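S.K.: next comes the sequence, and after it the predicted model I'd like to discuss.
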Amino acid sequence: MSDMLLTNTIQGVGILILVLSLLYVCLLFRNTLKTGRLALVREVTERDFLAQRANEIVERNRIQKAKDENGWNGIRKFKVSKKVIEAKDQCSFYFTPHDGRKLPPFDPGQFLTFSLNIPDQAKPVIRCYSLSDSPKDDYYRCTIKRVPAPRDTDHPPGLSSNFFHDQIEEGQIIDVRAPGGHFYLDSTRQSPVVLIGGGIGLTPVLSMVNYIVDTGSKRETWFFYGVKDGTEHAMKDHLQKIDKEHEHIHICPVYSRPRDGEDIEGADYKYKGRVGADLFKEVLPSNNYDFYFCGPPPMMNSLFEGLREWGVPENNIHYEAFGPATVTKKKEADQAAAKAPAATSDTDAEINITFSKSGKTLAWSSDAGSLLEFAEDNDVAMDSGCRAGNCGTCATALNAGEVEYISEPGSPPDGGSCLTCISVPKNSITLDA
Ligand SMILES: Cc1cc2nc3c(=O)[nH]c(=O)nc-3n(C[C@H](O)[C@H](O)[C@H](O)COP(=O)(O)OP(=O)(O)OC[C@H]3O[C@@H](n4cnc5c(N)ncnc54)[C@H](O)[C@@H]3O)c2cc1C
Ligand code: FES
């Protein structure tokens, strides 16, 4: 009896050990599977990430190569191939290269610099206009708003914008410098963006949204376009089509003063009021976006402040201002005169500007305007665009000495260089020009 009990006990323990062993093997197997699955998921994620980075690098290299192959220095001739009225006082100009060669791509948000031979002007008039379409092989497009004279003054209306509207016709040839500028969409990222255009400040952000559409990117995109009413609303059909056809792109026209009975909420515009952080708080799911904006100065200031107060990190805020170049230039010249070192008549000769590449050393005088104007007046070649501290085109290495700014740089230059269009020397300096 006791032998049988012993045998049964041994059998029971044996079965228990067997069951426990099986359980252990099962657990081991399950854990191995789980770890394997996790490792696989991690591997796939890492592989996708690396593949995305590799694609981005390949794409950037492709764009850079195309820029190098088809880019140009100085002036290139373009034919005005099409002129289209877009809205009240806004007109698009299509430019095709006169030499028939391919165009280099540009980063959406960048601008062209025009050198215009306007009758009765002593020198070519230089102005920047943002590219308002996504990059194409065979044409560039800019959309220009006519700038009137300021109210209650005798000043002439805007020189270049009115010249474009009134004198530039299809078939004419025009001098253009290559695309440039530091305000552009970071196309290597797929993070969600909010694009904001106020009035004619629409142009660079329109290029950005067109680029997102053309590249098939699924980037979440909000597009706010602030105008007074329907008369100023450019590219309406085009933008409505994008809104309808792309679930991830939300086009939001905002009218500050819609016309009674003519501008219909929901059909013509989405929101009444002003584009700003208050509206974003109502409409956007969060503040976790990259914000790109361009518009008139009051809108720019309030947007920047509003976004900062809402907790948007400065790194996620990107903007560009269109300065009225003539006014800025005049103001800068006056300020330059006022800010130049004292006792100028006796000590002018004490400040020398050395242009190292041109091999020229010249005495600075307080009525010379900005360093850029001083260089141009003395036949030293220097690149320039906006002439208002916004575009960075005139950034020049400062090899010795110090400068001071006569207005706040919109696009701060790299260390060791200065924006010559808005700076004057503090002491004798050497510029790499
Ligand atoms: C990077 C960048 C991109 C831009 N993109 C665009 C764009 O896409 N579309 C666009 O339309 N614009 C754009 N601009 C603005 C454009 O470059 C011009 O500044 C704008 O067209 C006005 O130039 P203008 O020659 O017509 O006027 P200006 O001759 O420069 O005159 C500007 C204003 O000053 C007034 N004025 C003239 N003389 C005096 C005086 N003595 N005292 C006081 N006031 C005076 C004029 O009546 C006018 O109101 C851009 C600017 C920059 C910097
Ligand atoms: S010319 Fe644009 S920053 Fe000087």
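M.R.: Structure's in. What do you need? Ligands and ions are numbered 1, 2, ... in the order given.
S.K.: distance from the chain centre to the helix ranked longest in the chain, please.
M.R.: The residue-count maximum for a helix in the chain (DSSP state H) belongs to helix 2-70. In terms of CA atoms, centre = their mean, to the nearest Å, the centre of helix 2-70 is found 45 Å from the chain centre.
S.K.: what is the helix or strand following it packed up against?
M.R.: Helices and strands here follow DSSP states H and E; after helix 2-70, the next one along the chain is strand 76-87. Using 3 or more CB pairs under 8 Å, 6 or more residues apart in numbering; DSSP states H and E as the contact test, the elements touching strand 76-87 are strand 90-97, strand 173-180. The way it works is simple: take the backbone N, C-alpha and C, and place the C-beta from them, glycine included.
S.K.: between strand 76-87 and strand 90-97, how big is the angle?
M.R.: 160 degrees (axes from the mean of the first three to the mean of the last three CA atoms, to 10 degrees).
S.K.: who does strand 76-87 pair up with?
M.R.: Under the criterion DSSP bridges, strand 76-87 sits next to strand 90-97 (antiparallel), strand 173-180 (antiparallel) in its sheet.
S.K.: and the ones you listed, which is most packed in?
M.R.: Across the strands paired with strand 76-87, the average number of neighbours (mean count of other CB atoms under 10 Å) peaks for strand 90-97, which reaches a mean of 20.
S.K.: that one: how far from the chain's middle?
M.R.: Distance of strand 90-97 from the chain centroid (CA atoms, centre = their mean) equals 20 Å.
S.K.: repeat for stretch 62-74
M.R.: Distance of stretch 62-74 from the chain centroid (CA atoms, centre = their mean) equals 19 Å.
S.K.: residues from this protein in reach of ligand 2?
M.R.: Neighbours of ligand 2 within the chain, by CB under 6 Å from any ligand atom: 384-387, 389-394, 419, 421.
S.K.: any stretches of this structure with poor pLDDT?
M.R.: By pLDDT under 70, the low-scoring segments of the chain are 1-2, 323-349, 390-391, 410-411.
S.K.: please, where are all the helices along the chain?
M.R.: Under DSSP H, the chain gives helices at 2-70, 159-167, 202-214, 236-245, 277-283, 297-309, 325-339, 344-347, 371-377.
S.K.: near ligand 1, which residues of the stretch 51-200 of the chain?
M.R.: For the stretch 51-200 of the chain, the residues in contact with ligand 1 (CB under 6 Å from any ligand atom) are 111, 127-130, 142-145, 147, 149-150, 155-162, 181, 200.
S.K.: just the buried residues from those, in PyMOL please.
M.R.: Provided next is the PyMOL selection string for whichever of these are buried by 16 or more other CB atoms under 10 Å:
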select buried, resi 111+127+128+129+130+142+143+144+145+147+158+159+160+161+162+181+200
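S.K.: for residue 394, see how far away residue 202 is.
M.R.: Residue 202 sits 26 Å away from residue 394 when distances are taken as CB to CB, to the nearest Å.
S.K.: looking at the two, which is more packed in?
M.R.: residue 202 (31 against 25; other CB atoms under 10 Å).
S.K.: need the nearest residue in space to that one, chain neighbours excluded.
M.R.: Spatially, and ignoring its direct neighbours in sequence, residue 202 is nearest to residue 225 (5.8 Å; CB to CB, 6 or more residues apart in numbering).
S.K.: ok, now which ones touch that neighbour?
M.R.: 196-197, 202, 233, 239, 251-254, 275 (CB atoms under 8 Å, 6 or more residues apart in numbering).
S.K.: can you tell me the closest non-neighbouring residue to residue 67?
M.R.: residue 104 (4.4 Å).
S.K.: and residue 165, by the same measure?
M.R.: In space, residue 165 is closest to residue 146, 4.9 Å off (CB to CB, 6+ apart).
S.K.: if I look at that neighbour, how far off is residue 222?
M.R.: 29 Å.
S.K.: look at the two and report which has more neighbours.
M.R.: Shown here are residue 146 and residue 222; by other CB under 10 Å, residue 222 has more neighbours (21 against 16).
S.K.: ok, how many other residues are close to the closest residue to the more buried one other than its chain neighbours?
M.R.: Of all residues beyond its chain neighbours, the one nearest residue 222 is residue 194 (4.5 Å), with distances taken as CB to CB, 6+ apart. When neighbours are counted by other CB under 10 Å, residue 194 registers 24.
S.K.: likewise residue 110?
M.R.: 23.
S.K.: you'd agree it is up against residue 129?
M.R.: No: look at residue 110 against residue 129 with CB atoms under 8 Å: they stay out of range, at 10.7 Å.
S.K.: residues contacting residue 255?
M.R.: Residue 255 makes contact with 227-230, 233, 263, 268-269, 271-272, according to CB under 8 Å, 6+ apart.
S.K.: mind redoing it with 10 Å?
M.R.: Taking CB atoms under 10 Å, 6 or more residues apart in numbering, we find residue 255 in contact with 225-230, 232-233, 263, 265, 268-274.
S.K.: of those residues, just the buried ones, PyMOL syntax please.
M.R.: Remark: buried members of these, expressed as a PyMOL selection using 16+ other CB under 10 Å:
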select buried, resi 225+226+227+229+230+232+233+263+268+269+270+271+274
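S.K.: neighbours of the nearest residue to residue 246 once chain neighbours are set aside, how many?
M.R.: Spatial nearest neighbour of residue 246, excluding adjacent residues (CB to CB, 6+ apart): residue 213 at 6.5 Å. Using other CB under 10 Å, residue 213 has 17 neighbouring residues.
S.K.: right, and residue 213 touches residue 244 too?
M.R.: No: contact criterion CB atoms under 10 Å: residue 213 and residue 244 do not qualify, at 11.9 Å.
S.K.: find the closest residue to ligand 2 in the stretch 1-150 of the chain.
M.R.: Ligand 2 sits closest to residue 128 of the stretch 1-150 of the chain, with a gap of 7.4 Å, by CB to the nearest ligand atom.
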